[in-house]
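J.: Quick one: sequence plus predicted model below, questions after.
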Protein chains: 2
Amino acid sequence: MSKQSSTDYPVHDLITKRWSPYSFDDRPVSESDLRSLFEAARWAASSYNEQPWSYIVATKENPEEFERLLSCLVEGNQVWAKAAPVLALGIATLKFARNNKPNRVAVHDLGLAAGNLCLEATARGLMVHQMVGILPDKAREIYELPEDSEAVTGLAIGYVGNPDSLPDTLKERDRAARQRKPLGEFVFGGKWGTTSGLVRRVP
Amino acid sequence: MSKQSSTDYPVHDLITKRWSPYSFDDRPVSESDLRSLFEAARWAASSYNEQPWSYIVATKENPEEFERLLSCLVEGNQVWAKAAPVLALGIATLKFARNNKPNRVAVHDLGLAAGNLCLEATARGLMVHQMVGILPDKAREIYELPEDSEAVTGLAIGYVGNPDSLPDTLKERDRAARQRKPLGEFVFGGKWGTTSGLVRRVP
């Protein structure tokens, strides 16, 4: 199953091919693929090159660790994410290591790392479904996260599966076309809310 | 000039080729390239598909708008960013449009959009230097940002230039190799600080 996005302007196919499936196949992800996914995250840009991202990873090959990680997701996400062969938590360290001052873009830079991870996954035929529906306090307790670090996202990683195995509401979501706001609603020039001349022109 | 990163595991060349130059060439960026950059940002994942990102963009073709945007950067960034043909502000809307509740990953998702934008730029031979050193209050005033939206990052976009034109400290930064923490320092298993077995194995 694929869900190529229908873009208004041409973009690289690693962007049009990426989506967030609820259905995952039970095919495992190779360790070398996983290493390359985190290697990709590693090379993201970050403010002062702080690299404020960390990950806790669990694969189904270790069922006990997988269950522990699964338990850090909200129930609505456990329903489908339990089928993914790999789960991870994306963690941001909110203060700079060198001076203990707040890093106001730590969570932004975790997003940049996640973007790289997704790019690499897509290039390898894998998909990543990121979740905000996690239990950060539980993650903190289970994994003994330090005070300044916080679990921000969950990530389910694997090969796209057959949506038929999903509950009806999720099945529909996997089958629906990807939707986005038009460019004119978020690319501004001169003033907030005024569409930039760049994107006002006809495609 | 290119700064291919030296990776421990193989990753897509759009990741190894990307870096954050201080030197920009005065060659303008075509409007169609810019449209594709923002189109790429458009297709990022976001929590509840909120798409909490917006951009204010200014190109040198409109010197007045360019100067206004430049004035929203801290002085240390103005020094080099003034040479870039395109500047932008990355803005996050911190509450969900549909229920006005806080979106705790708005800034993360702005990072995902930026990741896509950088990927598309790299694919087109362009580079993006993102900055945390901006003046969010000034940006709010100049561009009349609504209360719930905040300028988080600056982006300088263009073709890599010759670092010889830069002040010495920046020249050195442009010439230095890209450095990152090893994977073992941020990919954990079982517990924070314990390197995951996945990345403990020899490359």
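T.: Yes, it's here. Everything quoted here is computed from the prediction, not taken from an experiment.
J.: how far away is the closest residue to residue A:81 other than its chain neighbours from residue A:58?
T.: Using CB to CB, 6 or more residues apart in numbering or on different chains and skipping the chain neighbours, the partner closest in space to residue A:81 is residue A:156 (4.4 Å). In short, each C-beta sits where N, CA and C put it, glycine included. Residue A:156 is 11 Å from residue A:58, where distance means CB to CB, to the nearest Å.
J.: And the strands in chain A?
T.: A:53-59, A:86-93, A:127-131, A:149-158, A:187-188 (DSSP state E).
J.: Quick check: which helices or strands does the longest one pack against?
T.: So the one you mean is strand A:149-158. Packing partners of strand A:149-158 (3 or more CB pairs under 8 Å, 6 or more residues apart in numbering or on different chains; DSSP states H and E): strand A:53-59, helix A:75-81, strand A:86-93, helix A:106-123, strand A:127-131, helix A:136-143.
J.: How far off centre is the shortest one?
T.: Here the centre of strand A:127-131 is set off from its chain's centre by 4 Å, with CA atoms, centre = their mean, to the nearest Å.
J.: Direction included, what does it pair against?
T.: strand A:149-158 (antiparallel) (DSSP bridges).
J.: So for the closest residue to residue A:11 other than its chain neighbours, what's the pLDDT?
T.: In space, and not counting its chain neighbours, residue A:11 is closest to residue B:40: 4.6 Å by CB to CB, 6+ apart. For residue B:40, the pLDDT comes out at 98.
J.: right, and residue A:60 touches residue A:85 too?
T.: Yes: Residue A:60 is within contact range of residue A:85, at 5.0 Å (criterion: CB atoms under 8 Å).
J.: intersection of neighbour lists for the two?
T.: Common neighbours of residue A:60 and residue A:85 (criterion: CB atoms under 8 Å, 6 or more residues apart in numbering or on different chains): residue A:28.
J.: export the helices and strands packed on strand A:149-158 to CSV and tack on mean neighbour count, mean pLDDT and distance to residue B:172?
T.: Formatted as CSV, the helices and strands packed on strand A:149-158 follow (neighbours: other CB atoms under 10 Å in any protein chain shown; pLDDT from 0 to 100; distance: least, CB to CB, whole Å):
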stretch, mean neighbour count, mean pLDDT, distance to residue B:172
strand A:53-59, 25, 98, 26
helix A:75-81, 17, 97, 46
strand A:86-93, 26, 98, 27
helix A:106-123, 27, 98, 23
strand A:127-131, 23, 98, 36
helix A:136-143, 17, 98, 39
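J.: between those, which gets nearest to residue B:178?
T.: Proximity to residue B:178, assessed across the helices and strands packed on strand A:149-158 by CB to CB, is greatest for helix A:106-123 (13.3 Å).
J.: Can you tell me which helices and strands the closest one packs against?
T.: Checking 3+ CB pairs under 8 Å, 6+ apart, helix A:106-123 ends up next to helix A:13-16, helix A:31-42, strand A:53-59, strand A:86-93, strand A:127-131, strand A:149-158, helix B:13-16, helix B:106-123.
J.: can I get the ones you listed in CSV with distance to residue B:147?
T.: Below are the helices and strands packed on helix A:106-123 laid out as CSV (distance: least, CB to CB, whole Å):
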stretch, distance to residue B:147
helix A:13-16, 32
helix A:31-42, 33
strand A:53-59, 29
strand A:86-93, 25
strand A:127-131, 27
strand A:149-158, 24
helix B:13-16, 37
helix B:106-123, 14
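J.: quick one, which of the ones you listed is nearest to residue A:104?
T.: Comparing those under CB to CB, the one sitting nearest is helix B:106-123, at 8.4 Å.
J.: ok now do the residue nearest the centre of chain A, which residues does it touch?
T.: Nearest to the mean C-alpha position of chain A, by CA atoms, centre = their mean, lies residue A:130 at 3.5 Å. With contact set as CB under 8 Å, 6+ apart, residue A:130 has these partners: A:20, A:90, A:114, A:118, A:153-155, B:45.
J.: Test my guess that residue A:80 contacts residue A:22.
T.: Yes: under the criterion of CB under 8 Å, residue A:80 makes contact with residue A:22 at 4.5 Å.
J.: Now for these two: what residues contact both?
T.: With contacts taken as CB under 8 Å, 6+ apart, residue A:80 and residue A:22 have A:166, A:170 as neighbours in common.
J.: which ones are touching residue A:26?
T.: Residue A:26 makes contacts with A:83, A:85, A:161, as judged by CB under 8 Å, 6+ apart.
J.: for residue A:105, same thing?
T.: Each residue near residue A:105 by CB under 8 Å, 6+ apart is listed here: A:46-47, B:107, B:111, B:132, B:152-153.
J.: related to what we said a few turns ago, just send the helices and strands packed on strand A:149-158 back as CSV, with distance to residue B:195 too.
T.: CSV is the format used below for the helices and strands packed on strand A:149-158 (distance: least, CB to CB, whole Å):
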stretch, distance to residue B:195
strand A:53-59, 10
helix A:75-81, 24
strand A:86-93, 14
helix A:106-123, 17
strand A:127-131, 22
helix A:136-143, 13
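J.: Would you enumerate the residues in contact with residue A:149?
T.: By CB under 8 Å, 6+ apart, residue A:149 lies in contact with A:54, A:91-94, B:192.
J.: farthest-separated two in those?
T.: So, those by CB to CB: farthest apart are A:94 and B:192, at 14.2 Å.
J.: returning to what we had before: so which of the helices and strands packed on strand A:149-158 comes closest to residue B:9?
T.: The closest of these to residue B:9 is helix A:106-123. By CB to CB, the value is 9.8 Å.
J.: Next, the angle helix B:106-123 makes with that closest one.
T.: If you take axes from the mean of the first three to the mean of the last three CA atoms, to 10 degrees, helix A:106-123 sits at 50 degrees to helix B:106-123.
J.: Kindly tell me how buried the residue nearest to residue A:200 when sequence neighbours are not counted is, as a neighbour count.
T.: Spatial nearest neighbour of residue A:200, excluding adjacent residues (CB to CB, 6+ apart): residue A:184 at 6.5 Å. Neighbourhood size, residue A:184 [other CB atoms under 10 Å in any protein chain shown]: 14.
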